[in-house]
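Chemist: 3D model of this:
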Amino acid sequence: VPGYSMVPYGDPVALERSLREGAHHIAAVLIEPIQGEAGVNVPPEGYLQRVSELCKKYNVLFIADEVQTGLCRTGKMLAVDHEDVRPDIVILGKALSAGVLPVSCVLADNHIMLNIRPGQHGSTFGGNPLACKVAMAAVDVLKSEQLAQNASVLGQVLRDRLVAL
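Modeler: Residues are numbered from 1 along each chain as shown. From the prediction side, this is the model:
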């Protein structure tokens with residue numbers, strides 16, 4: 001795709017090389033914290049922290065695509081929480097409405113979000129008041145029923161049983 005560079009997943013050395021070489025032309029690094037296509041690719045320990053550090057060093061935005069991994073699916077509210085990383089932008093979907101209605105969202109602090117003006121951003125599933133209310137209720141359920149903790153416990157049970165096979 002023109003205007004985009006691919007960097008091997010889990011390789012902070014390659015990421016830094018790309019950032020260094022394109023320092024004046026790169027606006028952001030977009031990654032899935034855990035890749036879910038063609039299997040489940042969990043990053044090496046410390047990778048997300050290093051991505052965050054490199055983005056700060058080279059003054060580019062760190063965008064985490066948490067559509068598949070966010071909202072308690074990995075034992076934390078977000079997959080990036082496993083490394084105590086706070087991306088500049090987080091993209092959420094799928095689990096955001098607990099499957100009731102299609103909805104997605106972008107999370108960022110005001111210094112980023114307030115640069116986007118009406119008409120500059122479009123979303124297939126954005127702007128529906130009912131879907132937004134459902135999303136808010138779904139997040140309340142995720143928190144009140146401690147579903148991240150539940151996913152963590154059951155995930156460990158699954159891993160233990162798979163290893164025992």
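Chemist: in stretch 134-148, what counts as buried?
Modeler: Using 16 or more other CB atoms under 10 Å as the test for burial, stretch 134-148 gives Val134, Ala135, Ala138, Val139, Leu142, Leu147, Ala148. For glycine as for every other residue, the C-beta is placed from the backbone atoms N, C-alpha and C.
Chemist: which residues are contacting that stretch?
Modeler: Stretch 134-148 has contacts (CB atoms under 8 Å, 6 or more residues apart in numbering) with 71-72, 75-77, 95-98, 100-101, 103, 105.
Chemist: any figure for the gap between the most centrally placed residue in the chain and Glu83?
Modeler: For the chain, Glu66 is the residue whose C-alpha lies nearest the centre (CA atoms, centre = their mean; 2.8 Å). Relative to Glu83, Glu66 is positioned 13 Å away (CB to CB, to the nearest Å).
Chemist: ok, Ser97 next?
Modeler: Applying CB to CB, the value for Ser97 to Glu83 is 27 Å.
Chemist: pull the longest helix from this protein.
Modeler: Looking across the chain with DSSP state H, the single longest helix is helix 147-164.
Chemist: quick check: buried residues in that helix?
Modeler: By neighbour count on 16+ other CB under 10 Å, the buried set for helix 147-164 is Leu147, Ala148, Ala151, Ser152.
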